[in-house]
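Engineer: need coordinates for the following:
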Amino acid sequence: MFSIFFIKRPIFAKVISIFIVIVGLIALYSLPVAQFPQITPPTIQVSAKYTGGSADAVENSVTRVLEEQLNGVEGMIYMDSTSSSDGNSTINLYFETGYDLNIAAIDVQNRVTLATPSLPDSVKQQGVTTKKKSTSMVQILTLKSDEPLHDALFLSNFASLNIVEELKRIDGIGDVQNLGERKYSMRIWINPDKLSNLGLNVNQVSNAIKEQNLQVALGTIGASPIDTSNKFQYTLTSKTRLTSQKEFEDIIIKENSDGSKVRIKDIARVELGAENYAWSATLNNNPTALLGIYQLPGANALDVAKKVEEKIDELSKRFPQGLKVEATYDTTKFVEVSIKEVIITLFEALVLVLFVVYFFLQSFRTTIIPAIAIPVSLIGTFALLIAMNFSINTLTLFGLILAIGIVVDDAIIVVENVESNLERNPNISLKDATTSAMKEVFAPVISTTLVLLAVFVPVTFIPGISGALYQQFALTIAFAVIISSINALTLSPALCATILRRKKQNDKKNFIFTAFDNALDRFKIVYESFLRKLIKFWYVVVLIYILLLGATYFVFKVLPTGFIPDEDQGTLLASVSLQAGTTLNVSEEVSKKVTEIIKNTEGVKDVLTITGFSVITGAIDSSTATIFIVLDDWEDRQSEQTSIKAITDSINQKANEQINNASVRVFNMPSIPGLSAVGGFELKLQNLSAMPIAEFESYAKDFITKLNEDKAIMMAYTSFNSSYPQYYVDINRDKVSALNIKLNDVFSVLQSYLGSLYVNDFNKYGKTYRVYIQADQNFRSNKNSIENYFVQNKDGENVPLSTIVDIKQVSGVNTITHFNSYQSIAINGIHNIKEGYSSGDAIKALEKIAQANLPSTIGYELSGMSLQEKEAGNAAVYIFLLSLLMVFLFLAAQYESWMMPLMIMLPIPAVMFGALGANMFAGLLNNTYTQIGLVLLIGMSSKNAILIIEFAKELREKGETIIDAAIKASILRLRAILMTIFSFLLGILPLVFASGAGAVSRQSLGTAVFGGMIMSTILTLLLTPILFVILQRLRERKNNSEEIKNV
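Structural biologist: Numbers count the residues shown, from 1 in each chain. Presented below is the predicted three-dimensional model:
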C-alpha cells in the first residue's frame, strides 16, 4: 500500500514535505502582488492628431477612416472612440481577457497602416500612434516647488526631461503620462495686421521657417571611393536646425528691393511656450506636474511602487533646490493594506482552527500533526500558483483562508483513526495501528479530495472576467486540497508512527475537556432520541425541506445583486462641469473654489486637480475638471463622519450649496481599476440610423429623465452636450473664385491664425520639440478678429476675409464618441443605495426602461463594470449548475448508483438559504464573492454528508436495519462532523467580522459561507439521515422488484 512505504521511511515523507515548503517559499517571493487577478480586457489604443480640426472634422476625416479598417480585428470584443475639438482622435480596442496583447498590437498596427493613406496630410505628418494601453494606474506622482520661479510650464517640462523617461525604464511600468502636460514648443505668435501691412501672408511665414529651420545631411569630404591619396575623410557640419528664441526671431521672411529684410520678429512675438494650453494641473491649488504611473499587465504593483520610490530618491539628489516629488495618489496603499488585512485574517483563522482541533483531540501531540499539515499545504500551494501564472491577490488569499478549514480535515481523519486503533487494541504497536488506520482512510481521503476537485475544476473552463475570478479562488483551494491529500497519505502517517503516544489508563483529563466530553455525550443522547422521532415523522421533515426550498427561491429573488462590492479605497473622484464652451481661465477659477471646499472637508488629505480634462469622456474639454481626492489613512478615519460615504455626501452638499455656475459630482473609485472611469453603472446609446446629433441627444435626455424617475436609480446623467457655442464660417465660393483666391489659402489663414499650425521641429535640452504658428491673443479673442484677417489672391493683393465669408453663431458638439463604430452617448449613474437598491437592480431598470422607451433606430449596450456584472451574473448560474452536475456524476460513478448522490446532494439547494439569508440579514448583496462562496458550499456540504451516508451504507450491508444504520452512522460520525464544522466556522469568523480596507469583500464571502455552513450542519445532522432512510427504502424496493422480474 502507498502509505506503508512512508510509515516505514518517515524521513522520506518529511523530506517530501520540506521540499514542498521550500519550493512554495521560493514561489512566494516570485509571485506578483495585486488587488485582483489580471482580469481587465487587454487594450490597444490608436491615436492621431488633426491640428485645428473640429470634432466633426476629426470624426469624419480621421476616426471613421481608422474605424473602418479596425472594426472586426481578431480577438476584439468591442471598441470605443473619441473625436474632440482639440483635434485629437483616440480609439480604444478591447480584447478578450487572456488574449495575447503583442499579437493584438501587431494586428491593429497592420490595419492602421492600411488606413493611413486615406488620412489628411497633416495627420500623416504628425503620425498615427498605436500602443498597448495600460489601464491600471498605480500612482500619481506630484512634482511641486517652493520657489515662485518654478511655474507650471517649468514643472511640467522638468518632469518630462528628468523624470518621465527614467521611470519608463523601470521593470513593470507600462507607461508614464504627464497629466496636464505643457510640453515646450516654439510659439510664433503672429500679428495679422503687421503681416498684411507688409504685404505678406501666413504661408510665407510657414515656408520661411521650413526653409531656414531644417535638418540636413551635408556629406563627407574624402569618402570612398576616391582616387586621391587623402589620408583622412571629413564629415561636414553646419548650423541647420535652430534652437533658441532669438534664432527664430531672426528668420528672414522676405528681402526687399532696397536690401532691407523682414524677419519674424517684425510680424510676430516669439517665445518658448507650451505646445498645448488646453489643460492644467494643481495640487491643493498650487502649480504642479502630475505623473500617472501605469503598470504592465501581470506586474507586481507593490514592487513597481517600491522601485518608483527608489528611483525618485535617486533622482532627487540632482533636483534644483525646492523641488519635491511625492506619490500623492497611490493605489498600492489600498492593495497593501487590504492584502495585509487578509493575511492577518489568514493567521487568525489558522489559530482558531488549531484551537478547535486541540479542543476536540485534547492532546498536544495529536494536534501537532494537523498543525504541521496546514502550513505545508498552504505554502506548497504558492508553487502551483506561480505555475499557473496566478498572483497573490484577494481571491487567492481568500482561497487560502477557506482552505485552512478544509485541509485540516484530512490530517484529522488519519490521526483519529490511528488513535481509535490504539484504544481498541491495547497490544497493537504504533506502526501497526497507523498501517491499519491508513488501510481504512486511504479511500475516504481520495474520495473527498476528488469530490472537492469535482466542484472546483469545472470553473476553470468559464471564459472572461467571471471565469478569471472564479478560477483564481477555486484552483487555489483545489491546489491546497491536492497537497493536503498528499500530506495525509505521506507525512501524517509518518508523524503518527513516530510522535503519537498511547493514552494511559490513569491519565487525568483537564476538567474543561472532561466537561466538554460529558456535554458532547449528553448531546449525542439527545440527538439520537430526537433523530428517531424525526424519522417517524419524516413527512414533516420533507415538508419543511420543501418550504426551505421555497424560501431559498424567495431570498434569491429579493436579495439585491451586485458584481464586486464598492470599497473604501482611500480615494474619491470628482467631476466638475461648467456651461458648455467655458474658457479654461474661468474653469480654473471654479476648480480652485471646489478644491478649497474639498480640502477643508474632514478626512481629506490632498486634492489633485486637472482642469480642462473630463475623466468621464476621457477628452480634453476646457469646461470640465477632474479631481482626485486623496483621503486620510484608514486608521485615521475611524469615525462615522470620516467614512467614505459621509465624505462623499458632505462634499456633494457643500459644492451644490456654494458653487452656482458648475455641476459637481463625487464618485467612489471603480471596484476594478481599468474597467470603468468612475464607479456606478454605464450604458452606451448607439445612433443606428445616423440621425442628426441634436435629435439623438434629445432621445438621450428623455431617456435620462425616465431613468431618474425610477426608484432603483439615485442619479443618471450624461456628459454629452451638443450646445457648445460655435461659429459657422460660411465661405462664398463664387466670390473666392471671382477674386482669384485659392480656396485652400482661405482655410490656411484660418487654421494658421486660430488652429495652431504645426510647421516643423527644433531641438533643445536633448529633445525634439515642435514649432507652431498662431495669431497672438489680441487677434483671436472674438469673432471680429476673423473679419480683420486678410488672404492674398494670386496677384499678391490682400483681400479682407470679411468680403468672402459670413460668420454665424451656432451650437455643436465638443466631443463625439463612438461605440462599435456607431455614434454613441454614454449614460452614467449611481444606484439608489439609500433605498436599498443594488447595482443589479439599476441594470435591470436600465434595460427595462430602454426597451420600453427607445426607438428601434437607437441601440443600447452595457459597458464597463455594468457589462461585466451582467455577464458575471449569467455565468454564476452556469457555474453553480455545472459544479452540481460534476459532483453528482462523480458520486454516481463512485457508488455505482443514481440514488446515493441524491442522498448526499439534496440538502445543497436548501444550504443556499443559509448563505443568502445570512447576507440579507447582514445587509450585504448577492455579489461575485457570495456566488464564489456558494460554489464552495457545494463541496463542503457534500463532504459532510458523505461522512454519514458512506458509513450508513456499510452498516446496512452488515445487516443493520435502514433506520438503525442511519442513526448509528450519524452518532458515530457526529464528533468528526462537529470538529470539521467548528474548525471551518471559526476559520472564517475573521472574515465575517472584517474591518478596514477591503472589509466589504471579506464580509460578503465570509458571511455567505458562515451562514451556509450553519445551515449545512443542521441539514447534514437532521435531513441527511432521513434522506438515507427514504431513498434507501426506494432503492431496495426497486432492486427487489427487479430481482422478482428476473426470476
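Engineer: tell me which residue is most central in the protein.
Structural biologist: Nearest to the mean C-alpha position of the chain, by C-alpha atoms, centre = their mean, lies residue 672 at 2.8 Å.
Engineer: gap between that residue and residue 925?
Structural biologist: 16 Å (C-beta to C-beta, to the nearest Å). For every residue, glycine as well, the C-beta is placed using N, CA and C.
Engineer: and residue 148, by the same measure?
Structural biologist: In terms of C-beta to C-beta, residue 148 sits 52 Å off from residue 925.
Engineer: the two: who's more crowded?
Structural biologist: Taking neighbours as other C-beta atoms under 10 Å, residue 148 and residue 925 compare with residue 925 leading, 22 against 8.
Engineer: now do the same contact list for that one.
Structural biologist: Residue 925 is in contact with 559-562, 565, 838, 840, 919, 1004, counting by C-beta atoms under 8 Å, 6 or more residues apart in numbering.
Engineer: tell me which of the residues you listed fall in helices.
Structural biologist: 840, 919, 1004 (DSSP state H).
Engineer: ok, so of those, who is nearest residue 364?
Structural biologist: Closest approach between those and residue 364, by C-beta to C-beta: residue 1004, at 36.6 Å.
Engineer: that closest one contacts residue 564, doesn't it?
Structural biologist: No - here residue 1004 does not reach residue 564: they are 9.3 Å apart, not a contact under C-beta atoms under 8 Å.
Engineer: common neighbours of these two, please.
Structural biologist: 927, 929.
Engineer: how close does residue 703 sit to residue 824?
Structural biologist: Distance from residue 703 to residue 824, by C-beta to C-beta: 13 Å.
Engineer: now the strands for the stretch 701-850 of the chain?
Structural biologist: 713-717, 724-731, 757-764, 767-775, 790-792, 798-800, 805-812, 815-819, 822-831 (DSSP state E, counting those that start in this stretch).
Engineer: I'd like the ones you listed as CSV, with mean pLDDT appended.
Structural biologist: Formatted as CSV, the strands of the stretch 701-850 of the chain follow (pLDDT from 0 to 100):
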stretch, mean pLDDT
strand 713-717, 86
strand 724-731, 87
strand 757-764, 90
strand 767-775, 92
strand 790-792, 89
strand 798-800, 88
strand 805-812, 86
strand 815-819, 90
strand 822-831, 87
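Engineer: between those strands, which gets nearest to residue 522?
Structural biologist: Per C-beta to C-beta, nearest to residue 522 of those: strand 822-831, 50.8 Å.
Engineer: so what secondary structure elements neighbour that closest one?
Structural biologist: Applying 3 or more C-beta pairs under 8 Å, 6 or more residues apart in numbering; DSSP states H and E, one finds that strand 822-831 contacts strand 681-687, helix 693-709, strand 713-717, strand 815-819, helix 839-853.
Engineer: parallel or antiparallel, list what pairs with the third one.
Structural biologist: What that stands for is strand 713-717. Applying DSSP bridges, strand 713-717 is found paired with strand 822-831 (antiparallel).
Engineer: could you dump the strand it pairs with to CSV, C-alpha only?
Structural biologist: Listed next in CSV are the C-alpha coordinates belonging to strand 822-831 (Å, rounded to 0.1, in the frame of the first residue of the first chain):
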residue,chain,number,x,y,z
TYR,A,822,-21.7,54.0,-34.1
GLN,A,823,-22.1,57.5,-32.7
SER,A,824,-22.8,57.0,-29.1
ILE,A,825,-23.9,58.8,-25.9
ALA,A,826,-22.6,57.5,-22.6
ILE,A,827,-25.1,57.3,-19.8
ASN,A,828,-23.6,57.1,-16.3
GLY,A,829,-25.2,56.9,-12.9
ILE,A,830,-25.5,55.6,-9.4
HIS,A,831,-28.0,53.1,-8.0
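Engineer: what's the longest strand in the chain?
Structural biologist: Criterion DSSP state E: the longest strand present in the chain is strand 619-631.
Engineer: following the chain past it, name the next helix or strand.
Structural biologist: Beyond strand 619-631 on the C-terminal side, the first helix or strand identified by DSSP states H and E is helix 644-658.
Engineer: so for stretch 846-862, mean pLDDT?
Structural biologist: Throughout stretch 846-862, pLDDT has a mean value of 89.
Engineer: just the C-alphas of it, formatted as PDB.
Structural biologist: C-alpha atoms of stretch 846-862 as PDB (Å, rounded to 0.1, in the frame of the first residue of the first chain):
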ATOM      1  CA  LEU A 846     -31.800  50.400 -17.400                       C
ATOM      2  CA  GLU A 847     -32.700  47.600 -19.700                       C
ATOM      3  CA  LYS A 848     -36.400  47.700 -18.900                       C
ATOM      4  CA  ILE A 849     -36.700  51.500 -19.500                       C
ATOM      5  CA  ALA A 850     -34.500  51.200 -22.600                       C
ATOM      6  CA  GLN A 851     -36.800  48.500 -24.100                       C
ATOM      7  CA  ALA A 852     -39.900  50.500 -23.300                       C
ATOM      8  CA  ASN A 853     -38.800  54.000 -24.500                       C
ATOM      9  CA  LEU A 854     -36.000  53.800 -27.100                       C
ATOM     10  CA  PRO A 855     -37.000  53.600 -30.800                       C
ATOM     11  CA  SER A 856     -35.600  50.900 -33.000                       C
ATOM     12  CA  THR A 857     -33.200  53.400 -34.500                       C
ATOM     13  CA  ILE A 858     -31.300  53.700 -31.200                       C
ATOM     14  CA  GLY A 859     -29.500  50.800 -29.800                       C
ATOM     15  CA  TYR A 860     -28.000  50.400 -26.300                       C
ATOM     16  CA  GLU A 861     -25.300  48.300 -24.800                       C
ATOM     17  CA  LEU A 862     -24.000  48.000 -21.300                       C
END
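Engineer: how far out from the middle of the chain is it?
Structural biologist: Mean-position distance between stretch 846-862 and its chain equals 27 Å (C-alpha atoms, centre = their mean, to the nearest Å).
Engineer: what residues does that stretch touch?
Structural biologist: So stretch 846-862 is contacted by 78, 681-689, 691, 696, 699, 702-703, 706-707, 710, 713, 819-820, 822, 827, 843, 866-867, 870 (C-beta under 8 Å, 6+ apart).
Engineer: quick one: the helices in the stretch 201-350 of the chain, in order.
Structural biologist: 202-212, 245-249, 264-267, 301-316, 331-361 (DSSP state H, counting those that start in this stretch).
Engineer: the stretch 501-650 of the chain too?
Structural biologist: Using DSSP H, counting those that start in this stretch, helices in the stretch 501-650 of the chain cover 511-536, 538-558, 584-599, 644-658.
Engineer: residue 237 is nearest to which of the ones you listed?
Structural biologist: Going by C-beta to C-beta, the one of these nearest residue 237 is helix 584-599, 42.8 Å.
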